[in-house]
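K.L.:
I would like the atomic coordinates for the input below:
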Amino acid sequence: MHLQRRLLCCAIASAVASAAAPAFADQANELKPVQILGDRQDTFSVSGSAHVISNEDLEEKEYTDVHRMLRDVPGVYFQEEEGYGLRPNIGIRGSGRDRSNKISLMEDSVLIAPAPYAAPSAYYFPSAGRFYGIEVLKGPDTLRYGPFTVGGAINLLSTPIPDRASGMVNVEGGEDGAQRAHAYYGATEGQLGFLLEAHQQRTQGFKDIDRSNRDAGFDKRDYVAKLRWQAPETADIQQAFELKLEHSSEVSDETYLGLTDRDFARDANRRYGLTDIDQMDNDRDAVSLRHTLAIDENTTLNTVAYRNEFQRNWFKLDKIGGVGIGSYVNTANTSGGVNQSVLRGDTDATGLEFKNNNREYTSQGVQSELGYAFSTGDIRHDLVVGARYHEDEVDRFQPVDVYDQINGSLVYQSTTAATGSNNRVENADAISAWIVDHAYIGDVIVTGSLRYENVETDAKRWLDAARNNEDVNWRKSNRNEELMAGLGATWLLDDNWSLLAGVHQGFAPAGASESRGTEAEKSLNYEAGFRYWQESFSADVIAFYSDYENTLQNCSVANSCTLADSSIKTSGSVSLGESEIQGLEVGINSVVWEGDSGLRAPVRLAYTYTDGEITKASEGADSSVERGDVLPYLPKHLASLTFGLEKPAAWSALMSVSHTENMCVDNTCDRPGQVTTFKRTSDYVIADVVATYHVNSDMEVYAKVDNVFDDQEIVSRDPAGARPNKPRTGYLGMKVRF
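P.N.:
Residues are numbered from 1 along each chain as shown. A predicted model of the protein is given here:
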């Protein structure tokens, strides 16, 4: 009986995991969220590291910063930037963190980066406060969710259409003028269902700009509408259509310029007056149409067509007197002098270049998956065969406004037309195909996977603003083609214990501004570990090792590449050579005590140990790395602990404490003889608390404090200078369901 229960549980889990689009429930008019994993219990049988942050998990902490949400997941790293998670920097197992450009980032299984192939940096990210859940997948199963298969995939779940008329309103206010409102309403009647949702968030920010009456906050708005039609139970053809429409906008007074260390020590929340007019302004519109067809009880076809349009203009200080602001701050750190005085506004300066980082992105495609359950003898199979055609484009038209700093004020001088690198278009066309088979052989589940990627990129520049004269000497095109394989196994020892092991090939395409012959990032990734699961206690312990044949750094203004001649590259990619990354992930969820009255004490622990280095430097002329160099922004130790008391449906009080070890900010940090004073971030510990009281079954109030001990450290030195985490900030909120 135990074995039968195990196999039934695993069969259900595999069926859920193999549905990259909604699957039919047993009852009519019920369409489940677009999940790649399922519930937390379902991860017990996945042949790879898998974690689910449920809707209940998100609601108990009321976070609006995805960095804070992901602290509960081992093997996931992040680099804070502005304190609110507007443009997250997320990496998985050392894959790189800059703008999350090395992970397959999805919402409801659809890629959401503005241009996932041509320009994958996630300058767009949905408002985390509206997430319904988050799924993180690593290991052989990630070959289904490319193009980035080195580290893993993150799937963000949006609010599903409810099966009955219902809604929710959540309002929140806090320090620094913080305001948030989240509301949705939906219903299902007969074969039709709908959902309307809005999420609005604003704040004045926690930084003070020198000699300015402007704040350093943001105003961000997300709107989602869903409409579903599902065939009646009596129909000969069981199918469903779901249309999803999205619109979002953001105006944030954010900058790339940080602080020198001496100014950070005096006031971490200071911002130089040079950044007074810096501002990000963006809009996004997205549409997707999903179709689910139940061919028979064992066969389902899921198809989705999608189109995303994203426009942004990040008007910000780029250079001072012809010197990039990153280099300018570095000089101020090491020698002070005029550079430090100019930053503070005490000395006049000419030739301040403010670039209109104006870009328009388009991303569109269609993907389809066929799921088929069958048996060969005593072996059960859940087979998935899928394909995707995708195309995306980024159009950069970026004139530069020149100002002088006179008596601490910015005075406009002139505008430089957009030409060359500031006037270019990058395109990518990609064809992907994959096959994944989950085979049930006694107590062992074997997962075999294949993925094919064919990516063609093209980029061109113009010598004039009118785009009449193309720079024919610069035109770039490239092609990356790869067939990847993966093999994983999960051995179900009994109802509680399972062992897992897996190996798969990793792939990440090169940037669109690279010449033909530029190779993609490639790696061979191994993992092995065990899981334990029961109702009140679960644990995952997984060791991983990645051997990179070619390590790529995608170059951007926020994450510039230093070449062998010390010049800076801000587009395309640079090969760092061969590297190795190894580590250990530990995840524990437990109820350590439970009283007769229902009072209980939950505990959640996530810990990651990571060690990585360059094992062989690239032989290319651009390479500036050496054997033994470290990988930037890769903490050796990362830990998060959540604990507290709760009485379900009555009240709860939780504290989350996270520790991030200091990180090297470039590959030269640990070279012998190097001065590391300005090459590392700080160790830091952040504690957040939240308390919730349920007034009745439909209404609750909560209070939360982020960074309760008000500890601010240098959490990042990119894009240009020292940056702090958010200081202690309190919020009060109320949520009503109806």
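K.L.:
Quick one: distance of the strand of greatest length in the chain to the chain centre.
P.N.:
Criterion DSSP state E: the longest strand present in the chain is strand 349-376. Chain-centre distance of strand 349-376: 12 Å, with Cα atoms, centre = their mean, to the nearest Å.
K.L.:
How about stretch 657-672?
P.N.:
21 Å.
K.L.:
what about that stretch, how long is it end to end?
P.N.:
Chord length of stretch 657-672, first to last residue, is 34 Å (Cα to Cα, to the nearest Å).
K.L.:
returning to what we had before: mind listing what the longest strand of the chain pairs with, with the direction of each?
P.N.:
As defined by DSSP bridges, the strand partners of strand 349-376 come to strand 299-320 (antiparallel), strand 379-397 (antiparallel), strand 400-406 (antiparallel).
K.L.:
Surely Val150 touches Gly91?
P.N.:
No: contact between Val150 and Gly91 fails when scored by Cβ atoms under 8 Å: they sit 9.9 Å apart. To be clear about C-beta, it is placed using only N, CA and C from the backbone, and glycine gets the same treatment.
K.L.:
Between those two, which is the more surrounded one?
P.N.:
Val150 (30 against 24; other Cβ atoms under 10 Å).
K.L.:
in the longest strand of the chain, what counts as buried?
P.N.:
Within strand 349-376, the residues scored as buried using 16 or more other Cβ atoms under 10 Å are 349, 352-365, 367-373.
K.L.:
Tally up the residues packed near Asn725, please.
P.N.:
Neighbour tally, Asn725, other Cβ under 10 Å: 22.
K.L.:
in terms of contact, does Thr676 touch Thr668 like I think?
P.N.:
No: contact between Thr676 and Thr668 fails when scored by Cβ under 8 Å: they sit 9.2 Å apart.
K.L.:
Spell out the residue ranges of the strands in the stretch 401-550 of the chain.
P.N.:
409-416, 420-441, 444-462, 476-492, 497-508, 521-534, 537-554 (DSSP state E, counting those that start in this stretch).
K.L.:
can you check the stretch 551-700 of the chain too?
P.N.:
Under DSSP E, counting those that start in this stretch, the stretch 551-700 of the chain gives strands at 561-562, 568-569, 573-594, 600-616, 637-647, 651-660, 684-696, 699-706.
K.L.:
Who are the packing partners of the longest one?
P.N.:
To tie it back to what came earlier, the one meant is strand 573-594. strand 537-554, strand 600-616 (3 or more Cβ pairs under 8 Å, 6 or more residues apart in numbering; DSSP states H and E).
K.L.:
about what we covered before: compare Thr676 and Thr668 (neighbour count), which wins?
P.N.:
Taking neighbours as other Cβ under 10 Å, Thr676 and Thr668 compare with Thr668 leading, 17 against 13.
K.L.:
pLDDT-wise, which helix or strand of the chain ranks last?
P.N.:
helix 2-17 (a mean of 37; mean pLDDT, DSSP states H and E).
K.L.:
And the next helix or strand past that one?
P.N.:
strand 50-53 (DSSP states H and E).
K.L.:
pLDDT on that next one, on average?
P.N.:
Average pLDDT, strand 50-53: 90.
K.L.:
helices or strands up against that strand?
P.N.:
Using 3+ Cβ pairs under 8 Å, 6+ apart as the contact test, the elements touching strand 50-53 are strand 133-137.
K.L.:
mean confidence score for stretch 339-347?
P.N.:
Stretch 339-347 carries an average pLDDT of 96.
K.L.:
secondary structure class for Leu274?
P.N.:
helix (DSSP: H, G, I helix; E, B strand; the rest coil).
K.L.:
shouldn't it be in contact with Leu257?
P.N.:
Yes: if you go by Cβ under 8 Å, Leu274 and Leu257 touch, sitting 6.5 Å apart.
K.L.:
Please enumerate the shared neighbours of these two.
P.N.:
Taking Cβ atoms under 8 Å, 6 or more residues apart in numbering as the criterion, Leu274 and Leu257 both touch Leu317.
K.L.:
Those two: which is more packed in?
P.N.:
Ranked by neighbour count (other Cβ under 10 Å), Leu274 and Leu257 place Leu274 first, with 26 against 22.
K.L.:
any idea how far that one is from Gln712?
P.N.:
22 Å (Cβ to Cβ, to the nearest Å).
K.L.:
ok, now Lys138?
P.N.:
When Lys138 is compared with Gln712 (using Cβ to Cβ), they lie 32 Å apart.
K.L.:
Compare the two (neighbour count), which wins?
P.N.:
Counted by other Cβ under 10 Å, Lys138 and Gln712 do not tie: Lys138 has more neighbours, with 31 against 20.
K.L.:
tell me the contacts of the more buried one?
P.N.:
So Lys138 contacts Gly48, Ser49, Ala50, Gly75, Ile92, Arg93, Gly151, Gly152, Ala153, Glu527, Phe544 (Cβ under 8 Å, 6+ apart).
K.L.:
Pop out the phi and psi values for it.
P.N.:
Torsion angles at Lys138 (phi, psi; degrees, to the nearest 10) stand at phi -130, psi 170.
K.L.:
thought Glu514 was touching Thr457?
P.N.:
Yes: applying Cβ under 8 Å, one finds Glu514 in contact with Thr457, separated by 7.2 Å.
K.L.:
Pull up the overlap in contacts between those two.
P.N.:
Residues touching both Glu514 and Thr457 (Cβ under 8 Å, 6+ apart) are Lys476, Asn478.
K.L.:
Please say which of these two ends up with more neighbours.
P.N.:
Neighbour totals were compared for Glu514 and Thr457, and Thr457 leads with 26 against 23 (other Cβ under 10 Å).
K.L.:
sorry, back to before: quick one, which of the strands of the stretch 551-700 of the chain is nearest to Gly408?
P.N.:
The closest of the strands of the stretch 551-700 of the chain to Gly408 is strand 568-569. By Cβ to Cβ, the value is 28.6 Å.
K.L.:
From the contact counts, what lies against the closest one?
P.N.:
When contacts are defined as 3+ Cβ pairs under 8 Å, 6+ apart, strand 568-569 packs onto strand 561-562.
K.L.:
For the strand it packs on, enumerate the helices and strands it packs against.
P.N.:
Judged by 3+ Cβ pairs under 8 Å, 6+ apart, the packing partners of strand 561-562 are strand 568-569.
K.L.:
For the strand it packs on, which strands pair with it and how are they oriented?
P.N.:
Taking DSSP bridges as the criterion, strand 568-569 forms sheet pairs with strand 561-562 (antiparallel).
K.L.:
Could I get the average pLDDT for the strand it pairs with?
P.N.:
On average, strand 561-562 scores 71.
K.L.:
Give me the pLDDT for Phe44.
P.N.:
pLDDT at Phe44 comes out at 63.
K.L.:
just Ser575 next, same as before
P.N.:
We note a pLDDT of 78 for Ser575 in this prediction.
K.L.:
which one of the strands of the stretch 401-550 of the chain lies closest to Asp382?
P.N.:
strand 420-441 (4.4 Å).
K.L.:
Okay, buried residues for that closest one please.
P.N.:
By 16+ other Cβ under 10 Å, the buried positions in strand 420-441 come out as 422-432, 434-440.
K.L.:
Now do Thr642 against Lys138, distance only.
P.N.:
21 Å.
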